[in-house]
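Enquirer: Could you work out the structure for the sequence below:
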Amino acid sequence: MKSADYIQTMCEYNRWMNERLFDVCATIPDETRKENKGAFFHSIHGTLNHLLVGDKIWLGRFLGQPFAVKSLDQELHSDFNELRQEREKTDDIIDEWARSLNDEKLSSPLIFR
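Expert: Predicted coordinates:
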């Protein structure tokens with residue numbers, strides 16, 4: 001079992017990497033970010049949306065507040081700046097959740113439907 005400290009460290013790392021990823025992507029023209037490159041989620045923008053969708057799904061499970069999506073490639077935000085703002089808000093919630101953890105909570109089963 002991982003400790004609460006470990007989970008908090010990984011959440012800090014997650015935020016740091018998301019910030020760097022979005023910093024780099026901000027230097028790419030919007031048209032290029034959205035261009036279908038044949039990747040699983042088509043484009044850089046599609047992949048950024050997918051990462052946010054996945055985090056929101058898991059966060060919803062952890063918080064007991066399900067996040068409903070139609071698919072894993074659902075576009076939450078077509079605007080890059082809105083997507084970035086939602087990424088930052090979600091990282092805030094992830095960090096808050098991680099700070100609420102203790103070893104007792106981590107040893108409890110996670111049940112979701």
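Enquirer: Could I get the buried residue list for the longest helix along the chain?
Expert: Longest helix in the chain, counting residues (DSSP state H): helix 4-25. Across helix 4-25, burial judged by 16 or more other Cβ atoms under 10 Å covers 4, 7-8, 11, 14-15, 18, 21-22, 25. Where C-beta positions appear, they are placed from N, C-alpha and C, glycine not excepted.
Enquirer: So for that helix, mean pLDDT?
Expert: In this model, helix 4-25 has an average pLDDT of 95.
Enquirer: Contacts for the very next helix or strand once past that helix next, please.
Expert: Counting by DSSP states H and E, the element after helix 4-25 in chain order, helix or strand, is helix 30-33. For helix 30-33, contacts defined as Cβ atoms under 8 Å, 6 or more residues apart in numbering pick out 25, 43-45, 80.
Enquirer: For the longest helix of the chain, C-alpha coordinates in PDB please.
Expert: Only the C-alpha atoms of helix 4-25 are listed here, as PDB (Å, rounded to 0.1, in the frame of the first residue of the first chain):
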ATOM      1  CA  ALA A   4      -0.600   9.300   1.900                       C
ATOM      2  CA  ASP A   5       2.700  11.200   1.600                       C
ATOM      3  CA  TYR A   6       3.500   9.300  -1.500                       C
ATOM      4  CA  ILE A   7       0.100  10.000  -3.100                       C
ATOM      5  CA  GLN A   8       0.500  13.800  -2.300                       C
ATOM      6  CA  THR A   9       3.900  13.800  -3.900                       C
ATOM      7  CA  MET A  10       2.500  12.200  -7.000                       C
ATOM      8  CA  CYS A  11      -0.300  14.800  -7.200                       C
ATOM      9  CA  GLU A  12       2.300  17.500  -7.000                       C
ATOM     10  CA  TYR A  13       4.300  15.900  -9.800                       C
ATOM     11  CA  ASN A  14       1.100  15.500 -11.800                       C
ATOM     12  CA  ARG A  15       0.400  19.300 -11.500                       C
ATOM     13  CA  TRP A  16       4.000  20.200 -12.300                       C
ATOM     14  CA  MET A  17       3.900  18.000 -15.500                       C
ATOM     15  CA  ASN A  18       0.500  19.400 -16.500                       C
ATOM     16  CA  GLU A  19       1.700  22.900 -16.200                       C
ATOM     17  CA  ARG A  20       4.800  22.200 -18.300                       C
ATOM     18  CA  LEU A  21       2.700  20.300 -20.900                       C
ATOM     19  CA  PHE A  22       0.300  23.200 -21.300                       C
ATOM     20  CA  ASP A  23       3.100  25.700 -21.400                       C
ATOM     21  CA  VAL A  24       4.700  23.800 -24.400                       C
ATOM     22  CA  CYS A  25       1.300  23.300 -26.100                       C
END
